[in-house]
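Student: Provided below are the primary sequence and the corresponding predicted coordinates.
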Amino acid sequence: MARKIIIAGNWKMHKTVDEATELVEQLKQALADVKDREILVCPPFTALSAVAAALDGSNIQLGAQNLYPADEGAYTGEISPRMLVDVGCSYVILGHSERRQHFRESDPFINHKLKVALDHGLKPILCVGETLEQRGEGRHKTVVSMQVYRGLHGIDAEAMKEVAIAYEPIWAIGTGQTARPEQADELHWAIRNNVEGLFGEDVAQETCIMYGGSVKPDNVDELMAQPDVDGALVGGASLNVESFIRIVKFQA
Ligand code: PEP
């Protein structure tokens, strides 16, 4: 089976309902002819419902930026997987470095969320990545491998077919500093090896491994040309209609 290609926009804490709807209305028209890759937008929770309605019948899918791993209950301020499915999400980003850093999310907690997401039919995008300091110490592959092993602990090969991994070096997120294509590919290859060790070669070859970290119109073609780069998780550049269109329409 061919590896799927996913281009996802992570809008983080940006866009009101009106702004979000306007953006997807424009994306929908401009990207209607794209057939060979999956397109995904991940608005903030408050805009999910309106964006789902605007995207109805389009080739753009809806994802959430996080979930809390319980169906319902006394978890003030949290959003459950049932609610995300109900509103039309098919994907959920988990373990983003901003959540690991600002909200102290641990690998076991992320792993728990990933299993709950799968139980509810949501496709997780598991984010992993090293700090500049860890890279400087030559520990980047080990750090990322541990995040992969711990994040995927207890998942079976069948379920893994629904999981995508995003390699996002923390030093490249929102900094304008992108990993060089060969630096990204080196880690993508290492991650695919980790997945192979856990689930076998067939699953590893099918797993979509996305790159994230200052992906822009002027670097996307080179990044996507790397053999083990199968998609992009785009932050800042996904907030602008022209730049996200150009990124989705990358030519590798
Ligand atoms: C991200 O939010 O996952 C991200 C990669 O952000 P940016 O593209 O702005 O670096």
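Tutor: Alright, I've got the coordinates.
Student: For the ligand, what is the nearest residue in the stretch 101-250 of the chain?
Tutor: The ligand sits closest to G235 of the stretch 101-250 of the chain, with a gap of 2.1 Å, by Cβ to the nearest ligand atom. From N, CA and C alone the C-beta is placed, and that goes for glycine too.
Student: Can you give me the buried ones in the helix or strand where T142 lies?
Tutor: Using DSSP states H and E, T142 sits in helix 140-151. Of the residues in helix 140-151, those with enough neighbours to count as buried (16 or more other Cβ atoms under 10 Å) are 140-141, 143-145, 147-148, 151.
Student: now swap in stretch 18-28 and tell me
Tutor: Going by neighbour count (16+ other Cβ under 10 Å), the buried part of stretch 18-28 is 20-21, 23-24, 27-28.
Student: Identify, from those, the entry nearest to A47.
Tutor: A20 (3.8 Å; Cβ to Cβ).
Student: What would the helix or strand encompassing that closest one look like as CSV? C-alpha coordinates only.
Tutor: Taking DSSP H and E as the criterion, A20 maps to helix 17-30. Below are the C-alpha coordinates for helix 17-30, written out as CSV (Å, rounded to 0.1, in the frame of the first residue of the first chain):
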residue,chain,number,x,y,z
VAL,A,17,-15.1,31.7,14.4
ASP,A,18,-15.5,34.3,11.7
GLU,A,19,-11.8,34.3,10.8
ALA,A,20,-11.7,30.5,10.8
THR,A,21,-14.7,30.2,8.5
GLU,A,22,-13.4,32.8,6.1
LEU,A,23,-10.0,31.0,5.9
VAL,A,24,-11.5,27.6,5.2
GLU,A,25,-14.0,29.0,2.6
GLN,A,26,-11.0,30.2,0.6
LEU,A,27,-9.0,27.0,1.1
LYS,A,28,-11.9,24.9,0.1
GLN,A,29,-12.2,26.5,-3.3
ALA,A,30,-8.5,26.7,-4.0
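Student: picking up where we left off before, mind listing what the closest residue to the residue of the stretch 101-250 of the chain closest to the ligand other than its chain neighbours touches?
Tutor: With Cβ to Cβ, 6 or more residues apart in numbering as the criterion, G235 has its nearest non-adjacent residue at 5.1 Å, and that residue is N10. Contacts for N10 were tallied using Cβ atoms under 8 Å, 6 or more residues apart in numbering; they are 42, 65, 93, 96, 212, 233-235, 238.
Student: Next, find the distance separating N10 from D33.
Tutor: 24 Å (Cβ to Cβ, to the nearest Å).
Student: So which bits of the stretch 1-150 of the chain are right by the ligand?
Tutor: Within the stretch 1-150 of the chain, the positions near the ligand by Cβ under 6 Å from any ligand atom are 10, 12.
Student: Now the stretch 1-150 of the chain against the ligand: closest residue?
Tutor: N10 (4.2 Å).
Student: give me every residue that touches L233.
Tutor: So L233 contacts 8, 10, 93, 125, 127, 166, 168, 210-212, 215 (Cβ under 8 Å, 6+ apart).
Student: ditto for R246
Tutor: Per Cβ under 8 Å, 6+ apart, neighbours of R246: 217, 220.
Student: cool, N219 as well?
Tutor: N219 is in contact with T178, counting by Cβ under 8 Å, 6+ apart.
Student: could we number from 393 for the rest of this?
Tutor: Right, with 393 as the first residue, what we last looked at is N611.
Student: hang on, N503 packs against Q539?
Tutor: No. Assessed by Cβ atoms under 8 Å, N503 is found out of contact with Q539, at 10.0 Å.
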